[in-house]
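A.B. asks: take this sequence and fold it.
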Amino acid sequence: MSSTRTRNILFTVTAAVSILLDQWTKVLARTHLKPLDPWRGIVVIDGYFDLRYSENTGVAFGMLQKLPGGRILLSLMALAALGLVFHYLRRTDPSQTRLHLALGLVGGGAVGNLVDRIIAGRVSDFIVWHYHGHEWPAFNVADAALVVGVCLMALDMMLDKRRTATGAPPERAAGGRR
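C.D. replies: Residues are numbered from 1 along each chain as shown. Take a look at the predicted model:
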């Protein structure tokens, strides 16, 4: 099997698992959490982690909730971001496994929330972390995939920069083909 094909399979499987897990957990959240008191939810680890249903018509942390035409604009932005993911994937060296995994997570996260936005006009969130009275805004599996994917991309860039700074031979061309 060619290394380009392996790259595409890793990306596709990662994105597909992210999308399926995201959509499955959102169905469970809408079915089991939505009917509950929105302020209580289900305490998983007291003082740290709850499952509590909420809906978000904006972007991360509830920003842009009242944006006129937001559903269409945010959907178009997600499609544009997905286009960039595919473009970047095509430019990567087949040996950049961590980057292919990261792009799969970013692509899967973007599609997971895009599906919600297109079908319902809002994104279902249900994971809530908190610590000593400070609460992180509710999020979902797609959001987590996006964050982990972006962190892996940042790690990849830092490791490339470190290899370049130490004069070590690069294993691949940063973001490009060899």
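A.B. asks: residue 104 sits in which helix or strand?
C.D. replies: Using DSSP states H and E, residue 104 falls within helix 97-120.
A.B. asks: show me what that helix is packed up against.
C.D. replies: helix 3-28, helix 70-91, strand 123-131, helix 141-166 (3 or more C-beta pairs under 8 Å, 6 or more residues apart in numbering; DSSP states H and E). Where you see a C-beta, it was placed from the backbone N, CA and C, and this is true even at glycine.
A.B. asks: deepest in the core, which of these is it.
C.D. replies: Comparing the helices and strands packed on helix 97-120 on average neighbours per residue, with mean count of other C-beta atoms under 10 Å, the densest one is strand 123-131 at a mean of 19.
A.B. asks: could you give the angle of it to helix 97-120?
C.D. replies: Put simply, strand 123-131 runs at 120 degrees to helix 97-120, going by axes from the mean of the first three to the mean of the last three C-alpha atoms, to 10 degrees.
A.B. asks: which residues are contacting strand 123-131?
C.D. replies: Residues outside strand 123-131 that contact it (C-beta atoms under 8 Å, 6 or more residues apart in numbering) are 25-26, 29-30, 33, 41, 47-57, 113, 116-117, 135-144.
A.B. asks: which SSE is immediately downstream of that strand?
C.D. replies: Where DSSP H and E defines the elements, the next helix or strand beyond strand 123-131 is strand 134-135.
A.B. asks: which residues are contacting that following strand?
C.D. replies: Strand 134-135 is contacted by residues 128-129 when judged by C-beta under 8 Å, 6+ apart.
A.B. asks: quick revisit: would TSV of the helices and strands packed on helix 97-120 with distance to residue 100 and mean pLDDT be doable?
C.D. replies: Formatted as TSV, these follow (distance: least, C-beta to C-beta, whole Å; pLDDT from 0 to 100):
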stretch	distance to residue 100	mean pLDDT
helix 3-28	5	96
helix 70-91	7	89
strand 123-131	26	93
helix 141-166	10	89
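A.B. asks: residue 149 against residue 100, yeah?
C.D. replies: No - assessed by C-beta atoms under 8 Å, residue 149 is found out of contact with residue 100, at 10.6 Å.
A.B. asks: hang on, the earlier thing: of all the helices and strands packed on helix 97-120, which one comes closest to residue 104?
C.D. replies: Nearest to residue 104, of all these, is helix 3-28, at 2.8 Å by C-beta to C-beta.
A.B. asks: identify all contacting residues around the helix or strand just after that closest one.
C.D. replies: Sequence-wise, the next helix or strand downstream of helix 3-28 (DSSP H and E) is strand 42-45. By C-beta under 8 Å, 6+ apart, the list of residues contacting strand 42-45 from outside reads 33, 36, 49-52.
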